[in-house]
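*Asks:* Here is a sequence with its predicted model. Questions after.
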Amino acid sequence: DTGVSQDPRHKITKRGQNVTFRCDPISEHNRLYWYRQTLGQGPEFLTYFQNEAQLEKSRLLSDRFSAERPKGSFSTLEIQRTEQGDSAMYLCASSSRQGTDTEAFFGQGTRLTVV
Amino acid sequence: RKEVEQDPGPFNVPEGATVAFNCTYSNSASQSFFWYRQDCRKEPKLLMSVYSSGNEDGRFTAQLNRASQYISLLIRDSKLSDSATYLCVVTDKLIFGTGTRLQVFP
């Protein structure tokens, strides 16, 4: 499978615990995006990378959230001290930066439930 | 003000109808515009890019109005399979609107 893959698909955690999600983009894609989506809403931008550089992080993102892409390939999203409000689907997407016309491909997401 | 705004709907239309969605954006410097489709409990997938001159793909037509900072999507001859959420996407960092839900009924 050469698409975007995310791991795990589902995560249930207790409030206060730390969680880490992984995203493997399409291999030749240099851009990688993280989003959070809740029911009835569109994907909410969290952060994005071009190669290993984190270009922007949403102001809505608290300091409990951190993302890395150390070698410009896979990426991890860590949430520290999880809260019930963090329960959502976390989506990763990748694209190849080609001018202004860049199709992003999404993974199937990691569904986080904080209990 | 949100960077990208859409009417959440739902739009309930009969098969064969024509339906149009609009989306407004706040950043006048935006260069990239897209429409994505998201089915229930699935990931978003690109429906079409939106070009300055407008573009058409079968029953779907997308248009961009830079002066008024909105993009539109027109679906002609609606099919049951068009039922989904349509997401407007703007800029290189891919900012999504909240999506407009379309339900096509027989």
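*Replies:* In hand now; what should we look at?
*Asks:* Could you list the residues of chain A in contact with chain B?
*Replies:* Residues of chain A found near chain B (Cβ under 8 Å from any Cβ of the partner chain) are A:33, A:35, A:40-45, A:48, A:55-56, A:91, A:93, A:95, A:97, A:100-104, A:106-109. All C-beta spots, glycine's among them, are computed from the backbone N, C-alpha and C.
*Asks:* and these, which are buried?
*Replies:* Neighbour-count burial (16 or more other Cβ atoms under 10 Å in any protein chain shown) applied to these gives A:33, A:35, A:42-45, A:48, A:91, A:93, A:95, A:102, A:104, A:106-109.
*Asks:* So, low pLDDT: which residues of the chain?
*Replies:* You didn't pick a chain, so chain A it is. Residues of chain A meeting the criterion pLDDT under 70: A:1, A:98-101.
*Asks:* um, chain B though
*Replies:* Using pLDDT under 70, chain B has no residue that qualifies.
*Asks:* What is the nearest of the buried ones among the residues of chain A next to chain B to A:Cys23?
*Replies:* A:Gly107 (6.1 Å; Cβ to Cβ).
*Asks:* For residue 27, give me its contacts.
*Replies:* I'll assume chain A. A:2, A:73 (Cβ atoms under 8 Å, 6 or more residues apart in numbering or on different chains).
*Asks:* hm, I was asking about chain B
*Replies:* Counting by Cβ under 8 Å, 6+ apart, B:Asn27 makes contact with B:3, B:90-91.
*Asks:* Quickly note the distance from it to A:Met89.
*Replies:* The spacing between B:Asn27 and A:Met89, counted by Cβ to Cβ, to the nearest Å, is 26 Å.
*Asks:* What about B:Pro106, how many residues nearby?
*Replies:* Counted with other Cβ atoms under 10 Å in any protein chain shown, the neighbours of B:Pro106 add up to 5.
*Asks:* Repeat that for A:Gln80.
*Replies:* When neighbours are defined as other Cβ under 10 Å, A:Gln80 has 14 of them.
*Asks:* ditto for B:Gln63
*Replies:* By other Cβ under 10 Å, the burial measure for B:Gln63, its neighbour count, is 19.
*Asks:* that older thread, now intersect the buried ones among the residues of chain A next to chain B with the helices, please.
*Replies:* Taking DSSP state H, every one of these sits outside helices.
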